[in-house]
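Chemist: What follows is a predicted protein model with its sequence.
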Amino acid sequence: MNSVLPITEEDWQVITPYLSVVEFEEGEQLLCPPQICGFIAFINSGSLRSYHTNDQLVETNLLLRSINEFITDYESFVSQQSSTLWIQSIQKGDAIFLDRTGLYSLYETSFYWNKFGRIISEQIFVNSKRRTEQLLFLNPTERYLLLMKNHPEYFQKYSLKHIASYLGITPKSLSRIRNQLTKH
């Protein structure tokens, strides 16, 4: 949380009652539609993904997240409507879950937590806009090269199946792109 906004001991103390450590096994579902998302998870260890499943049960990764990152279904979290996303662990680990009810009560009483929420919302918006633009305006090879440039660690952390899904392509297409780039 300090990386988002430096925190004082007093501000830490008021949020503590709304935090819980959740351990998860590989493959465990932390959120399943139509549940309502009531948490933001800050990952201590392991890795998680959020994804959508279509009518043919094809999974498409929206986010791949690991240590010192957060994950939620923000639309469900804010609107308190049914989630359309699944959140699943890729690797065993644990995360600090921040409870929505507690956070929203702190928005009313704490300048720090109100500002923290605004900064998180802004980051989510910017990341969503970038992701949307990449999927709309870049071809698969450009998306792959951008991921290699901006997040080379993904290729050590995540399977090629998950990376392909995140890029919006099939594993076969990812293999073809990698082969073409290797030849050049």
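Modeler: Perfect, I can see it now.

Chemist: Find the centremost residue of the chain, please.
Modeler: residue 71 (3.6 Å; C-alpha atoms, centre = their mean).

Chemist: distance of that residue from residue 31?
Modeler: For residue 71, the distance to residue 31 (C-beta to C-beta, to the nearest Å) stands at 9 Å. Quick note: C-beta positions are derived from backbone N, CA and C, even for glycine.

Chemist: any shared contact partners between those two?
Modeler: Taking C-beta atoms under 8 Å, 6 or more residues apart in numbering as the contact rule, residue 71 and residue 31 both touch 50, 87.

Chemist: what sits up against stretch 100-117?
Modeler: 1, 4-5, 7-8, 11, 14-15, 17-18, 37-40, 77, 80.

Chemist: Check which helix or strand the closest residue in space to residue 54 that isn't next to it in sequence maps to.
Modeler: Distance criterion C-beta to C-beta, 6 or more residues apart in numbering; nearest residue to residue 54, sequence neighbours excluded, is residue 60 at 7.4 Å. Counting by DSSP states H and E, the element that carries residue 60 is strand 59-66.

Chemist: for the spatially closest residue to residue 155 that is not a sequence neighbour, what are its contacts?
Modeler: Counting by C-beta to C-beta, 6+ apart, residue 163 is the residue found nearest to residue 155 once chain neighbours are left out, at 7.0 Å. Residues near residue 163 by C-beta under 8 Å, 6+ apart: 64, 147, 154, 155, 174.

Chemist: what angle separates whatever helix or strand the second one lives in from strand 59-66?
Modeler: Put plainly, it is residue 147. Element membership for residue 147 (DSSP H and E) is helix 140-150. Here the directions of helix 140-150 and strand 59-66 differ by 10 degrees (axes from the mean of the first three to the mean of the last three C-alpha atoms, to 10 degrees).

Chemist: Name the next helix or strand downstream of helix 140-150, please.
Modeler: helix 154-157.

Chemist: Report the buried residues of that following helix.
Modeler: In terms of neighbour count (16 or more other C-beta atoms under 10 Å), helix 154-157 has its buried residues at 154, 157.

Chemist: What segments of this structure are helices?
Modeler: 9-15, 74-79, 100-109, 111-137, 140-150, 154-157, 160-167, 171-183 (DSSP state H).

Chemist: Cheers, nothing more for now.
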